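Novice: what would the 3D arrangement of this be:
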Amino acid sequence: MNHNLTPEAAVERLTSLHREATGSLKTCLERYFETRVPPGEEERRSFCYPELRVDYRASGIQPRIARAYAKFQGPGTYATTVTHPDHFSRYLIEQLRFLVKDYGAVITVERSQQEIPYPYVLEQGDDLGRNGVTAAELALHFPAPKLAHVGDEVADGLWQHHPGNPLPLALFDAVRVDYSLKRLQHYTGTSWRSVQPWILLTNYHRYVDQFVKWGLEQMSQDSPYAALALPGGARITRGMGEAEASAIIANSQWHRFQMPAYHLMRHDGQGVTLVNIGVGPSNAKNITDHLAVLRPHCWLMVGHCGGLRQSQRIGDYVLAHGYLRQDRILDSLVPPEIPIPALAEVQVALQGAAARVTGESGEALKERLRTGTVVTNDDRNWELRWSQELRRINLSRAIAVDMESGTIAAQGYRLRVPYGTLLCVSDKPLHGEIKLPGAANAFYDRAVGEHLLIGLETIEQLRGNVGQLHSRKLRSFDEPPFR
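Specialist: Numbers count the residues shown, from 1 in each chain. Below you'll find the model as predicted:
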């Protein structure tokens with residue numbers, strides 16, 4: 001019986017169908033590598049994602065739900081294909097429970113017509129080339145990735161509803177999710193399964209050193225943290241000796257990956273991921289495009305910036321409440337004239353965390369923590385055209401400049417992931433305090449550890465406020481039901 005399922009039974013059915021489909025695809029691939037025998041028509045029909053369908057038939061006035069997610073915009077049938085339902089089970093069950101309780105929704109699970117591209121069941125891709133089998137040859141007999149089938153039309157409000165077809169249930173369908181899961185593994189050097197729901201993004205490797213140090217300290221004392229996953233697949237676990245852990249860290253192949261990620265895990269699944277995204281808006285958009293399919297609770301930018309005000313000092317903090325977006329990379333998706341709102345819950349948590357970590361409050365905290373607009377520029381050497389930048393920066397009343405924060409905030413707004421920015425002033429380009437090796441090193445040694453602790457403390461404060469964190473400010477008027 002695949003109709004009128006409970007949320008729990010629906011996820012069990014999704015998991016069973018997905019396991020059957022991927023198992024059949026793997027078996028046929030393995031046979032082809034060994035014998036060159038392609039799958040038959042009946043076998044190929046089994047290579048499809050499961051589909052989750054939810055029906056809402058209103059009887060009377062539609063419920064008025066204050067919650068920002070797991071709500072219908074109107075009666076109808078909503079559907080999406082699903083991948084790795086075992087991994088997403090907690091998320092799926094949470095959304096479905098609300099829809100059943102508040103709307104009396106009816107849940108159905110069936111096999112879809114959307115084929116699973118064969119690379120998505122090859123864990124490492126090491127099989128390609130085996131026995132002389134090429135990707136082009138496999139594409140003759142197995143479903144291959146096609147860009148025409150992967151897109152963000154729902155997230156970007158570009159989807160068109162055709163009468164008789166279901167409405168979108170989620171922002172991303174299965175093939176879009178699988179595409180990003182593979183990309184995450186490629187860029188970060190870690191399994192997508194290790195990514196935690198609380199994410200810190202930084203633009204300097206020195207934050208990584210502090211994160212690893214803090215993680216080891218947490219696992220050596222009474223804390224909820226149990227393991228640290230490193231780029232390249234290495235893992236440090238609670239109870240491991242200091243010498244062994246140090247050797248694993250020293251041998252980490254993080255430099256092989258463009259945006260190495262580190263995952264500090266908890267038994268309750270509510271750990272923290274740190275990604276060193278490097279410099280620039282292209283990297284910032286790239287990684288957040290892919291992290292978004294995991295539906296994290298929040299991502300925070302904790303990196304360096306140039307201070308634009310004379311009163312600022314090296315090592316001061318900037319809490320962004322607005323962005324002058326000159327990154328240009330998202331202009332066609334989120335035009336610059338669209339405001340990117342600050343999220344009150346995140347802003348309050350960031351300021352509270354800064355007070356707690358620094359031990360300062362009131363005027364003393366205000367001297368170190370300034371709230372204002374951040375300019376995000378796509379040109380690292382914008383200073384060389386200061387005469388052209390002067391008026392625009394003056395009009396914006398900006399207090400800091402960087403290359404990633406506006407992009408990350410706009411991506412959070414676009415992809416419905418709560419976001420925030422706390423930057424640390426590392427130079428003052430307008431006031432003669434530029435980055436020089438000696439001064440920079442002294443700043444790094446003093447400031448990075450404290451800054452990272454503020455980011456971690458912010459996450460600690462937000463954990464108890466998840467329901468309000470997923471703000472209605474991020475939702476459109478024709479929003480899919482799922483968060």
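
Novice: domain ranges for this protein, per the record?
Specialist: Here the domain parsing of the chain from automatic domain parsing is 7-175, 185-473.

Novice: what's the first-to-last distance across the first one?
Specialist: What it means is domain 7-175. For domain 7-175, the first-to-last residue distance is 22 Å (C-alpha to C-alpha, to the nearest Å).

Novice: wasn't Ala409 part of a helix?
Specialist: Yes. Under DSSP: H, G, I helix; E, B strand; the rest coil, Ala409 falls within a helix.

Novice: quick check, it in contact with Pro418.
Specialist: No. At 10.2 Å, Ala409 does not count as touching Pro418 under the criterion of C-beta atoms under 8 Å. In short, each C-beta sits where N, CA and C put it, glycine included.

Novice: thinking again about what came up before, ok, which of the domains of the chain comes nearest Glu479?
Specialist: domain 7-175 (6.4 Å; C-beta to C-beta).

Novice: off-centre distance for that closest one?
Specialist: Between the centre of domain 7-175 and the centre of its chain there are 20 Å (C-alpha atoms, centre = their mean, to the nearest Å).

Novice: distance of Val346 from Gly420?
Specialist: 4 Å (C-beta to C-beta, to the nearest Å).

Novice: mind telling me what element the closest residue to His149 other than its chain neighbours is part of?
Specialist: Once flanking residues are discounted, His149 sits nearest to Val175: 5.5 Å by C-beta to C-beta, 6 or more residues apart in numbering. For Val175, the element it lies in under DSSP states H and E is helix 174-188.

Novice: ok, and what's touching the following helix or strand past that helix?
Specialist: Under the assignment DSSP H and E, the closest C-terminal helix or strand after helix 174-188 is strand 198-202. Under the criterion C-beta atoms under 8 Å, 6 or more residues apart in numbering, residues 207-208, 211, 270-277, 284, 287-288, 291, 296-303, 404, 408, 452, 455-456, 459, 462-463 lie in contact with strand 198-202.

Novice: let's see that with 7 Å instead.
Specialist: With contact meaning C-beta atoms under 7 Å, 6 or more residues apart in numbering, strand 198-202 is reached by 270, 272-277, 291, 296-303, 408, 455, 459.

Novice: drop anything exposed from these.
Specialist: 272-277, 291, 296-303, 408, 455, 459 (16 or more other C-beta atoms under 10 Å).

Novice: secondary structure class for Thr376?
Specialist: Three-state call for Thr376 (three-state DSSP): strand.

Novice: and what of Leu453?
Specialist: helix.

Novice: Ala409 and Pro418: who's more crowded?
Specialist: Between Ala409 and Pro418, Ala409 has the larger neighbour count (other C-beta atoms under 10 Å), namely 28 against 22.

Novice: quick check: Val175 touching Ala148?
Specialist: No. Here Val175 lies out of contact with Ala148, judged by C-beta atoms under 7 Å, at a distance of 10.6 Å.

Novice: which of those two has more neighbours?
Specialist: Remark: of Val175 and Ala148, Val175 carries more neighbours, 21 against 5, as counted by other C-beta under 10 Å.

Novice: got a list of what His267 touches?
Specialist: Applying C-beta under 7 Å, 6+ apart, we find His267 in contact with 224, 226.

Novice: please report how far it lies from Ala226.
Specialist: According to C-beta to C-beta, His267 and Ala226 sit 6 Å apart.

Novice: cool, and Pro339?
Specialist: From Pro339 across to Ala226, the span is 41 Å (C-beta to C-beta).

Novice: who has more neighbours out of those two?
Specialist: Ranked by neighbour count (other C-beta under 10 Å), Pro339 and Ala226 place Ala226 first, with 16 against 9.

Novice: and the next element down the chain from the helix or strand containing that one?
Specialist: Assigned by DSSP H and E, Ala226 belongs to strand 225-229. Per DSSP H and E, strand 225-229 leads on to strand 235-237 as the next helix or strand towards the C-terminus.
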